[in-house]
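1. give me coordinates for this.
(one chain, ligands or ions: 2)
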Amino acid sequence: MREEEIIVVALGGNAILQPGQPGTVEEQLENVDIACRHLTEIMSTGKYKMVITHGNGPQVGNLLLASEAAGHIIPPIPLDVCGAATQGMMGYMIQQTLANHLRAAGLRHYITTVVTQVIVDKNDPAFKRPTKPIGPFYDFAEGERLHWERGWEVIEDSKRGYRRVVPSPKPLAIQETRIIRNMLDNGEIVIAVGGGGIPVVREKDKSLRGIEAVIDKDLAVGRLAEDIDADILMVLTDVEQVMLNYGEVDEVGINRMTVDEAENYLKEGHFGEGSMKPKVEAGISFVKAGGEKTIITALNKAVEALEGKAGTIIIA
Ligand code: ADP
Ligand code: MG
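-> Ligands and ions are numbered 1, 2, ... in the order given. Sure thing, here's the model as predicted:
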């Protein structure tokens, strides 16, 4: 029998909380339920060992909002601890729901969430130029006030309003790589690197320390896929395909692109900063490092895409 391939699946923010939803646990569980149905379909093929990662944008946003609203009674929660909190709560929802689906399908259902730290460089230029929007949207006046009162960097984000921006350093290494790989080898499904992982820096004495930043989920998941020697990187988001001329009248979906083609499209600026670009970058890097293929598609096309019938595939 052919050995199972290792697939790393990244669930986009939308898979768990959709824009406009207030974010009750019931809503999140309903969305997680849909995601887990698709993941169960993938596992039912019997071809894969799976690592699942997920975005945490809306959840961290709500946590920051709650922390802010209760600011007069409870001390603020630093971003690294917010990251750990959302990994735990989202990991819990996914591991319970997925186990229920797998059990119902008569499949093995050993699933664990790993609270994952991702090492970044203290001297990463990103710390001098914060770019990653987090938390709620503010109007112009509120944005100005937060900038002066709290020293936050605030920018206009996608014409919807003003938001705090934090540094988004490059992920250098996943601290729990070996543990994750061992768990996979033992037949477990692993949930890891949620929300891009908890950013930590390594001090001169080798100790680790959390830092206020947000690591791009797609770059972190790419790092993980490379470091555990995965075969397939699959990024599930809210569009079925990567597009050329995205948002223009002549936009067109890409079925497959080689690493060289993808690099050219990157240079030509087809992929949105902070949304599609990091997915394609991670996909290219993964394949260059020896990965078999990267697939970018929508959650409900995951199985078809694995059969080569949907989505966008990046190959050598
Ligand atoms: P996720 O939570 O899955 O990371 P993102 O919003 O970060 O979701 O990324 C997906 C979004 O990328 C799409 O909804 C789309 O608006 C945007 N996007 C930017 N450039 C492209 C492109 N070239 N092709 C397709 N989608 C693109
Ligand atoms: Mg994203």
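2. for the helix-or-strand element of the chain with minimal mean pLDDT, what is the distance to the chain centroid?
-> Lowest on mean pLDDT, DSSP states H and E among the helices and strands of the chain sits strand 132-138, with a mean of 84. Relative to its parent chain, strand 132-138 has a centroid offset of 17 Å by C-alpha atoms, centre = their mean, to the nearest Å.
3. would you map the strands across the stretch 51-200 of the chain?
-> Remark: strands assigned in the stretch 51-200 of the chain by DSSP state E, counting those that start in this stretch are 111-113, 117-120, 132-138, 153-157, 161-166, 173-174, 189-191, 198-202.
4. most tightly surrounded among those strands?
-> strand 189-191 (a mean of 27; mean count of other C-beta atoms under 10 Å). No exception for glycine: its C-beta is placed from N, CA and C like everyone else's.
5. distance between it and the chain's centre?
-> 14 Å.
6. listing partners with orientation, what would you give for it?
-> Take DSSP bridges as the rule and strand 189-191 pairs in its sheet with strand 48-54 (parallel), strand 111-113 (parallel).
7. closest to Leu65 out of those?
-> strand 48-54 (19.6 Å; C-beta to C-beta).
8. what does that closest one rub up against?
-> 4-11, 13, 15-16, 39, 42-43, 90, 94, 98, 180, 184, 187, 189-195, 217, 220-221, 224-225, 228, 230, 232 (C-beta atoms under 8 Å, 6 or more residues apart in numbering).
9. out of the residues you listed, which are buried?
-> 4, 6-11, 13, 15-16, 39, 42-43, 90, 94, 98, 180, 184, 189-195, 217, 220-221, 224-225, 228, 230, 232 (16 or more other C-beta atoms under 10 Å).
10. among those, which lie within helices?
-> Judged by DSSP state H, those include 39, 42-43, 90, 94, 98, 180, 184, 217, 220-221, 224-225 as members of helices.
11. what's the closest of these to Gln59?
-> Met90 (6.3 Å).
12. find me the pLDDT at Ala141, would you?
-> pLDDT, Ala141: 94.
13. swap in the one 4 residues further on?
-> According to the prediction, Arg145 has pLDDT 92.
14. going forward, count from 38.
-> Let's use 38 as the start, then, which means that last one is Arg182.
15. how many residues are close by it?
-> For Arg182, the neighbour count with other C-beta atoms under 10 Å is 14.
16. before we move on, back to that, closest to Glu288 out of the strands paired with strand 226-228?
-> Among those, if distance is taken as C-beta to C-beta, the winner is strand 85-91, at 27.4 Å.
17. which of the residues in that closest one are buried?
-> Buried, per 16+ other C-beta under 10 Å, within strand 85-91: 85-91.
18. what's the closest of those to ligand 1?
-> Of all the buried residues of strand 85-91, His91 has the smallest distance to ligand 1: 9.1 Å, by C-beta to the nearest ligand atom.
19. give the contact list for the nearest residue to the closest one once chain neighbours are set aside.
-> Using C-beta to C-beta, 6 or more residues apart in numbering and skipping residues adjacent in sequence, the residue nearest His91 is Leu48, 4.3 Å away. The neighbours of Leu48, taking C-beta under 8 Å, 6+ apart as the test, are 72, 89-92, 273, 336.
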